[in-house]
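Trainee: Task: produce atomic coordinates for the following.
(chains A and B)
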Number of protein chains: 2
Amino acid sequence: MDKKVGVILSGCGVYDGSEIHEAVATLVALENHGLEAVCLAPDIDQMHVINHLTGQPVEGEKRNVLVESARIARGNISALSADKLDDLDALIFPGGFGAAKNLSDYALSGPDMKVNNDVINAVKSVHEAGKPIAALCIAPVILAAIFKDQSPNLTLGDDGDNAKNLEQIGGKHHITRFDEVVVDEKLKLITAPCYMLDSTIRQIFKGADLVVEKLKSFLS
Amino acid sequence: MDKKVGVILSGCGVYDGSEIHEAVATLVALENHGLEAVCLAPDIDQMHVINHLTGQPVEGEKRNVLVESARIARGNISALSADKLDDLDALIFPGGFGAAKNLSDYALSGPDMKVNNDVINAVKSVHEAGKPIAALCIAPVILAAIFKDQSPNLTLGDDGDNAKNLEQIGGKHHITRFDEVVVDEKLKLITAPCYMLDSTIRQIFKGADLVVEKLKSFLS
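Mentor: Below you'll find the model as predicted:
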């Protein structure tokens, strides 16, 4: 396992952080394909905390994105910062609302979204070194925003409001099923819908595996 | 998927709740074997909250086992109580310190451990209906305590202090590697070491799959 893939987490739980099934599916797919996972997350407060039993925000509670992401990584995680990036051969973003609430503000601002500066820096640094970047579920909006001047080919699954927003941001949206990925060969971007579609957990694992397989094809 | 397996969660994160990789591996293994997961957790406070980045307890913070477990279950979870049990064909306990801190007090009391009453009731109810029960990682101590009068055959992986404690509680310990499970045919108990051994995430998925395969062999 000589190739290292940065896994950018955004908390721990679908409604305010990383989608847990997608994050774990990513970690196991990386090992299955002989790649080493390097878990990273920004050291910032979450936008808010959602009670995942009721779906409602919890007033007055604060949680930190890096600290909560450490639950998925079993403590084996570092703050996302510039000095971690040179060692990486690729990046991957699992989904979950954390990508739209903590790594960016897409959940609040829609097509006028802004991306966290550490995330922009990581994506640009890895991309400018000629390395591939993958994103699952809602996380492709981050790539749409950062690469908007190059009309990146991406997917959010079906042709709903999020797909329209992605096009407004500057991406080119492609409709996909759970067992399909979209590859922008020129920009080396790989995206898959995962829980943007009404999927079972087995389908999530299939999607993550396909994404990592494509990601690996760019690493030689 | 006509057979339902109750998945008893104990929070969300290895140091104060369910081990996330084991819990997710259990959910995907159940679907892979054509079984339906029914996530359940006791509606009680966690023993404490551990910062998973530092490994240290967080003073003054409280979290609820059911609410945090809902993160792993994407909100699709119910309180563990008597009225949920008749529909189930089996039970499975993923590991993590939550099994030893929230579902029981093994982490504090060692061989003098006590098990949460809702957990005792669930295990006895399912067992007395002739149905199988599985446990991963540290969770087999719960089965040792409940079935201590019948010397249950169980595993916690290697032959360390926990194995000695399990024997003192009343179980019979069997040493296992990551790709081995222990089956008590008479009591219909299936256990595997998972992260009790120094395992990779791929090995955890292999272990959970083997456990669910054995569990399914008791469902006819």
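
Trainee: buried set for stretch A:157-170?
Mentor: If you call a residue buried by 16 or more other CB atoms under 10 Å in any protein chain shown, then stretch A:157-170 has these buried ones: A:157, A:162-163, A:165-166, A:169-170. Where you see a C-beta, it was placed from the backbone N, CA and C, and this is true even at glycine.

Trainee: what's the answer for stretch A:42-51, then?
Mentor: Neighbour-count burial for stretch A:42-51 [16+ other CB under 10 Å]: A:42, A:44, A:46-51.

Trainee: go on, stretch A:28-44?
Mentor: For stretch A:28-44, by 16+ other CB under 10 Å, it's A:28-33, A:35, A:37-42, A:44.

Trainee: Mark which of those are part of helices, please.
Mentor: Those of the buried residues of stretch A:28-44 mapping onto helices are A:28-32, per DSSP state H.

Trainee: Among the residues you listed, which one sits closest to B:Asp105?
Mentor: A:Val28 (31.8 Å; CB to CB).

Trainee: which residues does the closest one contact?
Mentor: Contacts for A:Val28 (CB atoms under 8 Å, 6 or more residues apart in numbering or on different chains) come out as A:205, A:208, B:21, B:25, B:201-202, B:205.

Trainee: hmm, try it at 7 Å
Mentor: Listed by CB atoms under 7 Å, 6 or more residues apart in numbering or on different chains, the contact set of A:Val28 reads B:201-202, B:205.

Trainee: Output those residues as JSON lines; include the columns neighbour count and pLDDT.
Mentor: Listed next are those as JSON lines, based on neighbours: other CB atoms under 10 Å in any protein chain shown; pLDDT from 0 to 100:
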{"residue": "B:Ile201", "neighbour count": "21", "pLDDT": "98"}
{"residue": "B:Arg202", "neighbour count": "16", "pLDDT": "97"}
{"residue": "B:Phe205", "neighbour count": "27", "pLDDT": "98"}
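
Trainee: does the spatially most central residue of chain A have beta-bridge partners, and which?
Mentor: Centroid-nearest residue in chain A: A:Phe93, 2.2 Å away (criterion: CA atoms, centre = their mean). Beta-bridge partners of A:Phe93, counted by DSSP bridges, are A:Ala135.

Trainee: Do I have it right that it meets A:Ala139?
Mentor: Yes - taking contacts as CB atoms under 7 Å, A:Phe93 lies within contact range of A:Ala139: 3.8 Å.

Trainee: Need the residues touching each of those two.
Mentor: A:Ala99.

Trainee: on that earlier part again, can you lay out the buried residues of stretch A:157-170 as TSV showing pLDDT, secondary structure and distance to chain B?
Mentor: Formatted as TSV, those follow (pLDDT from 0 to 100; DSSP: H, G, I helix; E, B strand; the rest coil; distance: CB to the nearest CB, whole Å):
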residue	pLDDT	secondary structure	distance to chain B
A:Gly157	96	strand	17
A:Asn162	97	helix	18
A:Ala163	97	helix	22
A:Asn165	98	helix	23
A:Leu166	98	helix	23
A:Ile169	98	helix	26
A:Gly170	97	coil	31
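
Trainee: those helices in chain A, which residues are they?
Mentor: A:20-32, A:65-72, A:98-101, A:106-109, A:117-128, A:140-146, A:161-169, A:201-217.

Trainee: out of these, nearest to B:Asp16?
Mentor: For B:Asp16, the closest of the helices of chain A is helix A:65-72, at 8.9 Å, according to CB to CB.

Trainee: and A:Gly75, how far is that from chain B?
Mentor: Look at A:Gly75 and chain B: by CB to the nearest CB, to the nearest Å, they are 5 Å apart.

Trainee: With B:Gly55 as the reference, measure out to that residue.
Mentor: Distance, A:Gly75 to B:Gly55, using CB to CB, to the nearest Å: 6 Å.

Trainee: cool, A:Glu59 as well?
Mentor: Taking CB to CB as the measure, A:Glu59 falls 29 Å from B:Gly55.
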